[in-house]
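Enquirer: Return atomic coordinates for the entry below.
(3 chains)
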Amino acid sequence: MNRSGSIGKLLMEWYGALRERFGHRNWWPAGSPFEVCVGAVLTQNTAWKNVVKAIANLKAEPALDPLRLYEMDLMQLAELIRPCGYYNVKAARLKNLVSHLVEKHGGDLDALFLPPTAALREELLSINGVGKETADSIILYAAYKPIFVVDAYTKWVLERHGLMPERNDYDSIQAFFHANLECTVELFNDFHAQFVAVGHAFCRKTPKCDQCPLERFREREAEIWRAGGSS
DNA sequence: GACCAGGCACATC
DNA sequence: GATGTGCATGGT
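Expert: Numbering: from 1, shown residues only, chains lettered A, B, ... in the order given. Below is the predicted model of the structure:
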């Protein structure tokens, strides 16, 4: 087995251990694809608990709808999403996303999601306020297309286990997972969610880190490096 | 009261 | 292209 095969096998064992520990995460925690899009913007550098409050406000208005958000006053939108922080910035970003959706696709998410993944990603990234993680979250969890979402916890785990690819930028890490895993929506969906779960449980909690379900793979990881290019 | 959270754009060098 | 900074609330 070559080295990439070994890594793929290890990653699946990681996934199995995480899944056993945390259970299937049932992501994305949202009632509709549009809610995923809104949540993806609101959760930028923000704890999900606070996003839940903001989304509840939008639902109560009710305003969790492309056209309503499109027509809503910017200041009013900012006030509704205040609990999730950066509310002025995020109100503008939501407006950008919704304006694109309404003006280019008549408010129809299915129309937005029609292009192939690479083209859709480029289109989303062209919207000010939609970066790589936000775009990929929308593609995976709202459009149901297989793309691996990389976040701070993903980087933390890879670094912690010495599995970081040559370059540690977003696209390189994403390519690493695409190269070593079966590219399916189901796997990418829950794998990313498991990284978030293990991050919540152990990242920055060094005293507890020895209880992390990934610790038992240390020896396997060392073996892979000893084996080098083949095994 | 300090520190952190499921980023991103923009300024500066 | 690498690095620094502003954005802001709520939980621990």
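
Enquirer: show me what contacts the residue of chain A found nearest DNA strand C?
Expert: In chain A, the residue that lies nearest DNA strand C is residue A:85 (2.6 Å; C-beta to the nearest atom of the strand). Any C-beta I mention is one placed from the backbone N, CA and C, and that applies to glycine too. Applying C-beta atoms under 8 Å, 6 or more residues apart in numbering to residue A:85 gives the contacts A:46, A:50.

Enquirer: Domain map for chain A?
Expert: Per automatic domain parsing, the structural domains of chain A span A:3-26+A:150-227, A:33-141.

Enquirer: Just name the most buried of those domains.
Expert: domain A:33-141 (a mean of 18; mean count of other C-beta atoms under 10 Å).

Enquirer: touching DNA strand B at all, that domain?
Expert: Yes. Judged by C-beta under 7 Å from any atom of the strand, domain A:33-141 comes into contact with DNA strand B through A:39-40, A:43-48, A:50, A:85-86, A:89, A:125, A:127-135, A:137, A:141.

Enquirer: Make sure I have this right: residue A:127 is in a helix.
Expert: No. Going by DSSP: H, G, I helix; E, B strand; the rest coil, the assignment for residue A:127 is coil, not a helix.

Enquirer: From residue A:92, how far off is it?
Expert: Using C-beta to C-beta, to the nearest Å, residue A:127 is found at 11 Å from residue A:92.

Enquirer: same thing with residue A:115?
Expert: According to C-beta to C-beta, residue A:115 stands 25 Å off from residue A:92.

Enquirer: again, but for residue A:122
Expert: As for residue A:122, its distance to residue A:92 is 21 Å (criterion: C-beta to C-beta).

Enquirer: contacting residues around residue A:101?
Expert: Residues in contact with residue A:101 (C-beta under 8 Å, 6+ apart) are A:37, A:66, A:70, A:107, A:108, A:109, A:112.

Enquirer: and those residues as TSV, adding secondary structure?
Expert: What follows is those, written out as TSV (three-state DSSP):
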residue	secondary structure
A:37	helix
A:66	helix
A:70	helix
A:107	coil
A:108	coil
A:109	helix
A:112	helix
